[in-house]
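Novice: With the sequence up front, the predicted model follows.
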Amino acid sequence: MSKKGKVMVAMSGGIDSTVTALMLHHEGYEVLGITMKTWDYATSGGGTSKKETGCCNIDSFNDARQAAVHHGFPHYILDIRDEFGGFVIENFVGEYLAGRTPNPCVMCNTHIKWKALLKRANSLGCDFIATGHYAEVRQHTNGRYVISKGLDETKDQSYVLWGLDQELLSRTIMPLGKYRKTEIRQMAHDMGYPELAKKSESYEICFVPDNDYRGFLKRRVDGLEEQVDGGWFIDKSGKKLGKHKGYPFYTIGQRKGLEIALGKPAYVTAIHPENNTVVLGEETDLEQSEMLVTKINWMKYDGITDGQEAITKIRYKDRGALSNLFNDDAGLRIKFYENVKSIAPGQSAVFYDGNDVIGGGVIQSGKI
């Protein structure tokens, strides 16, 4: 039995999770590898490509298993397609039908992957679970577990992990947070996996591998296209500007693909599913100074004091904006020091104290 303990490592077959497993193995942990099958590309019906991505690719399963076998630790495949489809897919479709913009990676991490990992880890007597995310987990001086940004800001994944609760964090190891991606590629090469060091990365949603979420919605919801076709683009005063193809097929801040000529650039500023209208405006109409956030998960602190200052990110690649946080009967009210652009209901808002995640939640609305 290893003195460092037994750890179950989520292995997708890619460079990050493979290096994570080998790194912990070399450090003296007793490693078990597990690959989660979340989705069958064939069931999405998208296009003619046979490509599958990351967690759903049979070649990736084999790559993960071969790395485990080569280094002498066990490997398992965990089928979570039912849980994944029943929650993540339904949430994804439901949010678009509600005129919102979902964040499936956050939902999957928060409600499916970590809990599935921990359940299997407990059954196999593991002390920890580990992933190849570019973030760090540490215990704060107040005793709470907190996620901090990864060293490599271009790869930092703390934003998509805000929903993990204290029990999950207390059992989680993320060794890559201290490294840059270039260093991980070099490690893969030095460990005897030069093909991983050169392997390209996929940024699509795993169940929408052709990156066409509109096509996915049409295939998933019978008759959707006919139900929502022919709604109106309107301006902020309610004036009709022209027909659109259905409100679920647009997102806040969208400029391209509107297929309407107004003589000037137009942006989607609001979506109203109740009457199938999409509001268009100028870029300045996307700017807002406040928003309401619900479904809060506190991480670094067990709540906040009214007016607490934080850097708030409203999307994955957002640099963040200085803000004050206020408790509200309806959730958490955020006031920005300067206007921010394209606040999209359904997306995640994550609050930072320096590099540490204070907490996060789901954007309910922009203007309050």
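Specialist: Perfect, thanks for sending it.

Novice: Helices along this protein, start to end?
Specialist: Listed in chain order, the helices found in the chain under DSSP state H are 15-27, 58-70, 81-84, 90-97, 104-108, 114-123, 166-170, 181-190, 194-197, 213-220, 224-228.

Novice: and of those helices, who's closest to Asp356?
Specialist: Taking CB to CB as the criterion, helix 166-170 is the member of these that comes nearest to Asp356, at 12.2 Å. C-beta here means a position set from N, CA and C on the backbone, and glycine is covered the same way.

Novice: What average pLDDT does the closest one get?
Specialist: When the per-residue pLDDT values of helix 166-170 are averaged, the result is 96.

Novice: Run through the neighbouring helices and strands of that helix.
Specialist: Other helices and strands packing on helix 166-170, by 3 or more CB pairs under 8 Å, 6 or more residues apart in numbering; DSSP states H and E, are helix 114-123, strand 145-149.

Novice: In PDB, list the C-alpha atoms belonging to the first one.
Specialist: Read that as helix 114-123. Extracted in PDB, the C-alpha atoms of helix 114-123 (Å, rounded to 0.1, in the frame of the first residue of the first chain):
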ATOM      1  CA  TRP A 114     -17.000  14.400 -10.100                       C
ATOM      2  CA  LYS A 115     -19.800  12.600  -8.400                       C
ATOM      3  CA  ALA A 116     -19.500   9.600 -10.700                       C
ATOM      4  CA  LEU A 117     -15.700   9.500 -10.100                       C
ATOM      5  CA  LEU A 118     -16.000   9.800  -6.300                       C
ATOM      6  CA  LYS A 119     -18.700   7.000  -6.200                       C
ATOM      7  CA  ARG A 120     -16.400   4.600  -8.100                       C
ATOM      8  CA  ALA A 121     -13.300   5.700  -6.100                       C
ATOM      9  CA  ASN A 122     -15.100   4.900  -2.900                       C
ATOM     10  CA  SER A 123     -16.100   1.500  -4.100                       C
END
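
Novice: Quick check: pLDDT value at the nearest residue to Tyr337 once chain neighbours are set aside.
Specialist: Counting by CB to CB, 6 or more residues apart in numbering, Tyr337 lies nearest to Leu322, which is 4.5 Å off, once chain neighbours are set aside. According to the per-residue confidence, Leu322 scores 98 in pLDDT.

Novice: any chance of the helices of the chain in CSV, with mean neighbour count and distance to Gly132 too?
Specialist: Formatted as CSV, these follow (neighbours: other CB atoms under 10 Å; distance: least, CB to CB, whole Å):
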stretch, mean neighbour count, distance to Gly132
helix 15-27, 23, 3
helix 58-70, 17, 11
helix 81-84, 16, 19
helix 90-97, 18, 23
helix 104-108, 22, 14
helix 114-123, 18, 13
helix 166-170, 16, 16
helix 181-190, 17, 9
helix 194-197, 15, 11
helix 213-220, 18, 25
helix 224-228, 15, 36
